[in-house]
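Asks: no sequence for this one, just the structure:
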């Protein structure tokens, strides 16, 4: 390992995903402001699709990288029970985010007009969107904690 750019003994893809976790929530907020405050439905759609595609690619490459390195247990020096619980919580949010966000995007693509505008699907889309937003925020927070406790923090410090 040690190919990362953030200064810790991590892989390049682990650092890329951590940066993505820091960037995704603010971009998501911008996307939500576009639709809620400015009623720019097309901009919201494009930002959501961009986020979805970028995260899909980054996380897919990250997962391949993790498998090639033998998994989290092989690359992290923190193998405590607390770390395993934190990783489990993160994985719960990460997996549910994929399901929720994919459902939100696929349903929106099918049920909204092009260009997008409010319609019969708006109410469900808003609910799914807020659930997805909360889920990706929890994924980001727990992911950053996994990075910190798995690769930055050293016991006794």
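Replies: Good, I have the coordinates. Owing to the predicted nature of the structure, the values given are computational and were not obtained by experimental measurement.

Asks: Averaging pLDDT per element, find the lowest-scoring helix or strand in the protein.
Replies: Lowest mean confidence among the helices and strands of the chain (mean pLDDT, DSSP states H and E): helix 72-75, at a mean of 90.

Asks: need the longest helix for the chain.
Replies: helix 81-111 (DSSP state H).

Asks: Who are the packing partners of it?
Replies: In terms of contacts (3 or more Cβ pairs under 8 Å, 6 or more residues apart in numbering; DSSP states H and E), helix 81-111 is packed against helix 41-68, helix 122-147. For the C-beta atoms, the positions are set from N, CA and C on the backbone; glycine is no exception.

Asks: where are the low-confidence patches of the chain?
Replies: 1, 156-157 (pLDDT under 70).

Asks: thinking again about what came up before, now the least confident helix or strand of the chain: how far from the chain's centre is it?
Replies: Chain-centre distance of helix 72-75: 20 Å, with Cα atoms, centre = their mean, to the nearest Å.

Asks: Name the residues of it that come out as buried.
Replies: For helix 72-75, a neighbour-count test (16 or more other Cβ atoms under 10 Å) marks 72, 75 as buried.

Asks: contacting residues around it?
Replies: 1, 10-11, 14, 66, 69, 79, 87, 150 (Cβ atoms under 8 Å, 6 or more residues apart in numbering).

Asks: May I ask which of these has the most neighbours?
Replies: residue 14 (26 neighbours; other Cβ atoms under 10 Å).

Asks: Name the residues of stretch 149-157 that are buried.
Replies: 149-151.

Asks: Which residues does that stretch contact?
Replies: Here stretch 149-157 makes contact (Cβ under 8 Å, 6+ apart) with 8-10, 14, 72, 76-78, 82-83, 86-87.

Asks: For whichever strand or helix holds residue 26, name the packing helices and strands.
Replies: Using DSSP states H and E, residue 26 maps to helix 12-36. With contacts defined as 3+ Cβ pairs under 8 Å, 6+ apart, helix 12-36 has these neighbours: helix 41-68, helix 122-147.

Asks: Could you export the ones you listed as CSV, including distance to residue 22?
Replies: Listed next are those as CSV, based on distance: least, Cβ to Cβ, whole Å:
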stretch, distance to residue 22
helix 41-68, 12
helix 122-147, 7
